[in-house]
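Q: based on what follows, work out the 3D shape:
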Amino acid sequence: MIAETVCSAVSAAGLGIAAVTAYRKRFLAAARIAAYSLVPVALVMTGVVGWLADTAFSLTAWAGFALLGCAWLLFATTRAVERRRGGTRKERRAAARAAGGEAVAPAASASAPSLGAAGPAARPAARPQAKPRGEDDFSDIEAILKKHGI
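A: Numbering: from 1, shown residues only. The predicted structure follows:
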């Protein structure tokens, strides 16, 4: 009964503030304040406030919250132990490697797609060696400068 009275007082105060705000020609803000101030009365009328009050003073509800906490603690502990031992993610990766490897070879190209067959045709071509970075760093810049006549 006290909770209902407090919610009604809060709503009345909020509607008063909304009226003052509307008097100052700030109608959008006044409508928003009125909407917020109607929420406590709506919660009382729907029974949510009574349910919360009954839950807060119920020994059964607090025992339920304690069980939820224990369940969360067990989940967290098992997850931490699983991570410390190596985890199931690594076990899944090892099982996937043992089952068949990769679905598509990393060197697959558009002209000759690889379907997982290992053979001489599936091997990647040798890469051309990179040029030494000493002199060729400025060759592009020199070409641009020559193009513009500088």
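Q: which is the next helix or strand following the helix or strand of the chain with the lowest mean pLDDT?
A: The helix or strand of the chain with the poorest confidence is helix 87-99; it has a mean of 73 (mean pLDDT, DSSP states H and E). Once helix 87-99 ends, the next helix or strand along the chain (criterion: DSSP states H and E) is helix 139-147.
Q: which helix runs longest in this structure?
A: helix 59-85 (DSSP state H).
Q: return the list of helices and strands in contact with that helix.
A: Judged by 3 or more C-beta pairs under 8 Å, 6 or more residues apart in numbering; DSSP states H and E, helix 59-85 has no packing partners among the helices and strands. For the C-beta atoms, the positions are set from N, CA and C on the backbone; glycine is no exception.
Q: enumerate the positions of it that are buried.
A: Residues of helix 59-85 include none that count as buried (16 or more other C-beta atoms under 10 Å).
Q: stretch 6-16 too?
A: The neighbour-count check on stretch 6-16 (16+ other C-beta under 10 Å) flags C7, S11, G14, L15 as buried.
Q: closest to K147 among those?
A: Within the buried residues of stretch 6-16, the smallest distance to K147 is 71.5 Å, found for G14 (C-beta to C-beta).
Q: what helix or strand is the closest one on?
A: Remark: G14 resides in helix 2-23, with elements defined by DSSP H and E.
Q: the very next helix or strand once past that helix - what's its average pLDDT?
A: Next helix or strand after helix 2-23 toward the C-terminus (DSSP H and E): helix 27-46. Helix 27-46 carries an average pLDDT of 93.
Q: all numbers from here: first residue = 213
A: In the new numbering, first residue 213, that becomes helix 239-258.
Q: any idea of the angle the following helix or strand past helix 239-258 forms with helix 271-297?
A: Under the assignment DSSP H and E, the closest C-terminal helix or strand after helix 239-258 is helix 260-268. Relative orientation of helix 260-268 and helix 271-297, computed by axes from the mean of the first three to the mean of the last three C-alpha atoms, to 10 degrees: 70 degrees.
Q: rewinding a little: who touches the helix holding G226?
A: Residues outside helix 214-235 that contact it (C-beta atoms under 8 Å, 6 or more residues apart in numbering): 241-243, 245-246, 248-253, 255-256, 261-262, 264-265.
Q: just the buried residues of those.
A: Taking 16+ other C-beta under 10 Å as the criterion, what is buried in those is A242, I245, A246, S249, P252, V253, L255, V256, V261.
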